[in-house]
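Engineer: quick one, what's the 3D model for this:
(chains A and B)
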2 protein chains.
Amino acid sequence: MEEKMAFDDALKNILILVEEKNYKLAKAELLNLNYADIGEVLEEILEEIGIAETIIIFRMLPKSIAVEVFSYLPADDQVKIVNGITDSEISYIIDQLDFDDKIDVLEELPANVVDKILEKTPKNERRLINTFLNYPEYTAGTLMTPNYISLDEKWTVRQAMEHIKREGMDTETIYTCYVKSQGRKLEGIVSLRTLVISDDDQKVVDLMHRDFVEINVYEDQEEVSEKFKKYGFLAIPVVDNESRLVGIITVDDIFDVIEEEATEDIERMAGVIDKSDAEYLDISVWQHVKNRFPWLFFLMLSYIFTGAIISTSEETLAKVPALIIYMPMLMGTGGNSGSQSATLVIRGISLGDIEFKDGIRVLWKELRVSIIMGLSLSALNFMRIIFEQSDNPLQMQIAITVSVAMIAIVTAAKCIGSMLPIFAKRLGIDPALMASPMISSLTDMVSIGVYLLLAGLFLGV
Amino acid sequence: MEEKMAFDDALKNILILVEEKNYKLAKAELLNLNYADIGEVLEEILEEIGIAETIIIFRMLPKSIAVEVFSYLPADDQVKIVNGITDSEISYIIDQLDFDDKIDVLEELPANVVDKILEKTPKNERRLINTFLNYPEYTAGTLMTPNYISLDEKWTVRQAMEHIKREGMDTETIYTCYVKSQGRKLEGIVSLRTLVISDDDQKVVDLMHRDFVEINVYEDQEEVSEKFKKYGFLAIPVVDNESRLVGIITVDDIFDVIEEEATEDIERMAGVIDKSDAEYLDISVWQHVKNRFPWLFFLMLSYIFTGAIISTSEETLAKVPALIIYMPMLMGTGGNSGSQSATLVIRGISLGDIEFKDGIRVLWKELRVSIIMGLSLSALNFMRIIFEQSDNPLQMQIAITVSVAMIAIVTAAKCIGSMLPIFAKRLGIDPALMASPMISSLTDMVSIGVYLLLAGLFLGV
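Structural biologist: Below is the predicted model:
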């Protein structure tokens, strides 16, 4: 808490200093913070004051600090800074970044800037960068780094530790080491912990695990994060289709993936299709419209059917207009009931708790939940309507219609809401698409249909 | 992919063997898998076949493997197994577990079982366990472990490495080491990487960082996961109110936290209040009802106002029943528009992209998006209604009413949907509560009100 307040104070202070163009003092204050916090301050300067001031401050940082801070910035801010500094500054930063951060930055930069940077890169590294840039988006290939510790299986622990001491500065992690065969096939892995607690004369080959978990370079990033969650490892090796070790993924790169995947799920559940990872405020008005229009339009079309159902009962409604009063409540409660079930089931599927074979158990549970909830809501409404429509000669018939409709609608909505995501998953459709907007448009149709059918039945008009 | 299929085949095979009561072969097949996968198979046996068979298989596993597998099982399955094995087996497993896993299991067990286990625990450890069991749920205290490497700042790298070699077996991680003062105050941290790549004669005091990030033991687990995300560390020290080091949290325990927090958010966004972390199928029907009823009931009440609005216009609707046809579409589209905006803003707030001060910018963006979307949907509906109501003498008036209402409703819904989460946050209410069910109930009221007002205006009835 204290720490957070201390940072907020420092932030406010630095923002004022930058506004006053007192850059020197601002820089001094900045250097009291850690890299991640300096990054956060730069983000704020960029957002609150402007890109020119951000670049002035950024260029005043000592080179080694500037590189670290740069790696903590979000991709779009990195691009803005790159566009404002000189080519030689860009080359220096890119050169100093960890390999996986370097790839991330290069992926975001315009092609001509990338070419300029690659010109100055040594041939071997340039080839490697090009390979990495060519992995499809959202695959393991874009998350990995080729900088890991390779050990020879014939080495002793002493030799291995000496090797790690020499190489340890330039690799992404030294805490998991890899043993490859002649053909670059991954043979085993050994943790630094094992090496440290073992005797100096033991052989790597006797210490390494051969039953390691690996990831294919083309595997989707969602599966990658599932593996990290399941096994709790700090790093997982990445292999190509011939089982050759091509890189490793470390746990610190997984948090962003989890966040991206959760955002995608949540947005889909609200009928927003957003393929970028950009922040809300950075997305243009037109892009927002493009992301939201298709589902809104598609769902609006579904109301043509709902409208058609109503038009068949126009006369009934004209004769007993009191029926209209309860339409929105039935539709709304149906939609909300269905959304609750759909959300719980979608989440259950994505956490692996619910599978296709659980369908019947889910349905049986939802049926019992629906009946309890439907009966309670129905009883409450019955009393309310008797009271509300006390002057209406059709009082009792209306109350019965609404009450019976309530039970039927809640039950139908909960069954539809719980079953659609399960069937969607079975058909290879993302269950997240079967959430609130989709479910409530469907249940609206069902609610109106059921209600007007019952009205015809009980009111006989 | 291949790996996944191999596991699925093994799983199916083992399930068949267990069904056939061929436990010996089942065990042999199990032992080919890694701990996490064995855990997954046990979960499936428990779910598909039964607890008796699960316990038979579990007790056949070599003790050391059983302990590891146990730590991978979900909490509720652990409790089921504990209830089926002997006290001495329980004690053995609990004794062998890592400290943080031990606390997790003890938290889930009934008090009398915990007491029985603690009786056999050495006094010092018993006291420590009791302290840990007393930290409030969902705080850093329940996530941490007291088993870390402590170094003396006066030691050389050589001495430190020897110490790590001796202690490294029993600590949660050896990759970050901690230096404390006399009063147990945390003075600095040093990574094993730094120790490994430094010269043997360097002093710990010269290598350690003093500007480390720490967590208070009572900090909420959500803030803990925010810190891991922000800094990308493998472990973060936990201190008490007097800045004394009481434990560390390692990155592998954060995945569960992120998952729990995301589930809570998503469930709240659908009007479900669920305080447990239990799986959908493990929650009883009554508990499901309790989790869902309050919001559903509260939202249903809001439709009393919507109903009241309609009853003021009963006559208009009775005279022009065609108006009713378009009511569900306007309500549905309003609800969906509002949900889209609310979801994007809620997610933006929880990722830290949107703050209170961005309110005006968000509103301005939503206004422009609304006008574009409202105008398009409105034009489409105008044409549709002209066509659909070609026999109706009020054709033009109805089309104008619906079209104007559409623009107004989409705009109002998007403004309400985007602003409510921002104000909720400001007032200390969880923005996730301002999602689809809440927003669509509110927008339904607004939609009906706007529509009937315009109907009165344009139709003059």
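
Engineer: am I right that A:Val190 is in a helix?
Structural biologist: No: under the criterion used here (DSSP: H, G, I helix; E, B strand; the rest coil), A:Val190 is strand, not part of a helix.

Engineer: how many residues are close by the closest residue to it other than its chain neighbours?
Structural biologist: Closest residue to A:Val190 apart from its sequence neighbours, by CB to CB, 6 or more residues apart in numbering or on different chains: A:Met208 at 4.2 Å. For glycine as for every other residue, the C-beta is placed from the backbone atoms N, C-alpha and C. The number of residues packed near A:Met208 is 20, by other CB atoms under 10 Å in any protein chain shown.

Engineer: contact partners for A:Met208?
Structural biologist: Neighbour list for A:Met208: A:Glu153, A:Val179, A:Glu187, A:Gly188, A:Ile189, A:Val190 [criterion: CB atoms under 8 Å, 6 or more residues apart in numbering or on different chains].

Engineer: what's the closest of the residues you listed to B:Ile409?
Structural biologist: A:Ile189 (59.0 Å; CB to CB).

Engineer: for the stretch 351-461 of chain A, give me the ranges with low pLDDT.
Structural biologist: A:461 (pLDDT under 70).

Engineer: what segments of it are strands?
Structural biologist: With DSSP state E, counting those that start in this stretch, there are no strands along the stretch 351-461 of chain A.

Engineer: all helices for it, in order.
Structural biologist: A:359-388, A:395-426, A:436-459 (DSSP state H, counting those that start in this stretch).

Engineer: so which elements touch the first one?
Structural biologist: Read that as helix A:359-388. For helix A:359-388, the packing partners by 3 or more CB pairs under 8 Å, 6 or more residues apart in numbering or on different chains; DSSP states H and E come out as helix A:327-350, helix A:395-426, helix B:285-312.

Engineer: residue of the stretch 101-250 of chain A with the smallest distance to chain B?
Structural biologist: A:Gly232 (3.7 Å; CB to the nearest CB).

Engineer: find the one among the helices and strands packed on helix A:359-388 with the highest mean neighbour count.
Structural biologist: Greatest average neighbour count among these goes to helix A:327-350 (a mean of 28), per mean count of other CB atoms under 10 Å in any protein chain shown.

Engineer: can you tell me how far A:Asp9 sits from chain B?
Structural biologist: 17 Å (CB to the nearest CB, to the nearest Å).

Engineer: with A:Val450 instead?
Structural biologist: Between A:Val450 and chain B the distance is 13 Å, computed by CB to the nearest CB.

Engineer: in contact with that residue, which residues?
Structural biologist: A:Val450 makes contacts with A:Ala405, A:Ala408, A:Ile409, A:Ala412, as judged by CB under 8 Å, 6+ apart.

Engineer: with distance to A:Gly449 added, can I get those in JSON lines?
Structural biologist: Output for these, formatted as JSON lines (distance: CB to CB, whole Å):
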{"residue": "A:Ala405", "distance to A:Gly449": "10"}
{"residue": "A:Ala408", "distance to A:Gly449": "10"}
{"residue": "A:Ile409", "distance to A:Gly449": "10"}
{"residue": "A:Ala412", "distance to A:Gly449": "9"}
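
Engineer: contacting chain B as well, which ones from the residues you listed?
Structural biologist: Residues of the contacts of A:Val450 in contact with chain B (CB under 8 Å from any CB of the partner chain): none.

Engineer: now the contacts of A:Met208 as a markdown table including neighbour count, distance to A:Thr121 and pLDDT?
Structural biologist: Shown next, in a markdown table, are the contacts of A:Met208 (neighbours: other CB atoms under 10 Å in any protein chain shown; distance: CB to CB, whole Å; pLDDT from 0 to 100):
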| residue | neighbour count | distance to A:Thr121 | pLDDT |
| --- | --- | --- | --- |
| A:Glu153 | 17 | 32 | 91 |
| A:Val179 | 24 | 29 | 95 |
| A:Glu187 | 15 | 31 | 93 |
| A:Gly188 | 19 | 32 | 94 |
| A:Ile189 | 25 | 30 | 95 |
| A:Val190 | 24 | 32 | 95 |
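
Engineer: nearest residue to A:Ala344 in space, please, no chain neighbours.
Structural biologist: In this structure residue A:344 is Leu, not Ala. Closest residue in space to A:Leu344, ignoring its immediate chain neighbours: B:Tyr280 at 5.5 Å, by CB to CB, 6+ apart.

Engineer: quick one: neighbours of the one you found, just the number.
Structural biologist: Residues within reach of B:Tyr280, counting by other CB under 10 Å, total 21.

Engineer: try the one 4 residues further on
Structural biologist: Here the number of neighbours of B:Ser284 (other CB under 10 Å) works out to 12.

Engineer: what residues of stretch A:27-40 count as buried?
Structural biologist: A:Lys27, A:Glu29, A:Leu30, A:Leu33, A:Asn34, A:Tyr35, A:Ala36, A:Asp37, A:Ile38, A:Gly39, A:Glu40 (16 or more other CB atoms under 10 Å in any protein chain shown).

Engineer: please read the previous query as pertaining to stretch A:426-444.
Structural biologist: A:430-444.

Engineer: pull that stretch out as CSV, backbone CA atoms only.
Structural biologist: C-alpha atoms of stretch A:426-444 as CSV (Å, rounded to 0.1, in the frame of the first residue of the first chain):
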residue,chain,number,x,y,z
ARG,A,426,-18.3,-30.2,-30.0
LEU,A,427,-18.7,-28.5,-33.5
GLY,A,428,-15.4,-26.7,-33.2
ILE,A,429,-17.1,-23.3,-32.6
ASP,A,430,-15.7,-21.1,-29.8
PRO,A,431,-18.1,-21.6,-26.9
ALA,A,432,-17.5,-18.0,-25.9
LEU,A,433,-19.6,-16.9,-28.8
MET,A,434,-22.6,-18.5,-27.2
ALA,A,435,-22.8,-16.0,-24.4
SER,A,436,-25.1,-13.2,-23.4
PRO,A,437,-25.9,-11.4,-26.7
MET,A,438,-26.5,-14.6,-28.7
ILE,A,439,-28.3,-16.3,-25.8
SER,A,440,-30.5,-13.4,-25.0
SER,A,441,-31.5,-12.8,-28.6
LEU,A,442,-32.5,-16.5,-28.8
THR,A,443,-34.3,-16.6,-25.5
ASP,A,444,-36.2,-13.4,-26.4
